[in-house]
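A.B. asks: no FASTA, just this:
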């Protein structure tokens with residue numbers, strides 16, 4: 001996945017665009033050893049600003065369509 005990819009929520013068909021490359025989100029000082037990217041920002045149709053979305057959503061519920 002990359003900046004500009006179109007995504008679709010498979011539960012309701014809403015389309016969005018990735019507006020920020022994957023980045024780490026959370027508190028790295030709470031004992032997390034790996035500080036890997038785990039979130040992307042997506043601007044969903046009908047919204048006026050992007051929302052953070054965990055990468056786990058791509059395993060079940062969100063798909064890249066372009």
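C.D. replies: Great, that's in hand. In this text the structure is predicted, and so the values were computed from the model without any measurement. Residues are numbered from 1 along each chain as shown.
A.B. asks: Make sure residue 57 is indeed in a strand.
C.D. replies: No: under DSSP: H, G, I helix; E, B strand; the rest coil, residue 57 sits outside any strand and is assigned helix.
A.B. asks: What count of nearby residues applies to it?
C.D. replies: Using other C-beta atoms under 10 Å, residue 57 has 16 neighbouring residues. The C-beta positions use only the backbone N, C-alpha and C, and glycine is treated the same way.
A.B. asks: average pLDDT across stretch 52-59?
C.D. replies: The average pLDDT within stretch 52-59 is 94.
A.B. asks: Stretch 38-45 too?
C.D. replies: 96.
A.B. asks: Equivalent analysis for stretch 7-16, please.
C.D. replies: In the prediction, stretch 7-16 has an average pLDDT of 96.
A.B. asks: One more: stretch 24-34?
C.D. replies: So the average pLDDT for stretch 24-34 ends up being 67.
A.B. asks: In terms of helix, strand or coil, where does residue 47 fall?
C.D. replies: Classified using three-state DSSP, residue 47 is coil.
A.B. asks: roughly how far is the biggest strand by length in the chain from the heart of the chain?
C.D. replies: The longest strand of the chain (DSSP state E) is strand 15-23. On the basis of C-alpha atoms, centre = their mean, to the nearest Å, strand 15-23 is displaced by 6 Å from the centre of the chain it belongs to.
A.B. asks: quick one: strands adjacent to it?
C.D. replies: strand 6-9 (antiparallel), strand 39-44 (antiparallel) (DSSP bridges).
A.B. asks: do you know how far residue 61 is from residue 45?
C.D. replies: From residue 61 over to residue 45 the distance is 16 Å, taken as C-beta to C-beta, to the nearest Å.
A.B. asks: Actually, residue 19.
C.D. replies: In terms of C-beta to C-beta, residue 19 sits 13 Å off from residue 45.
A.B. asks: cool, and residue 55?
C.D. replies: Distance of residue 55 to residue 45, given as C-beta to C-beta: 21 Å.
A.B. asks: higher neighbour count, these two?
C.D. replies: Using other C-beta under 10 Å as the criterion, residue 55 and residue 45 rank with residue 55 on top: 15 against 11.
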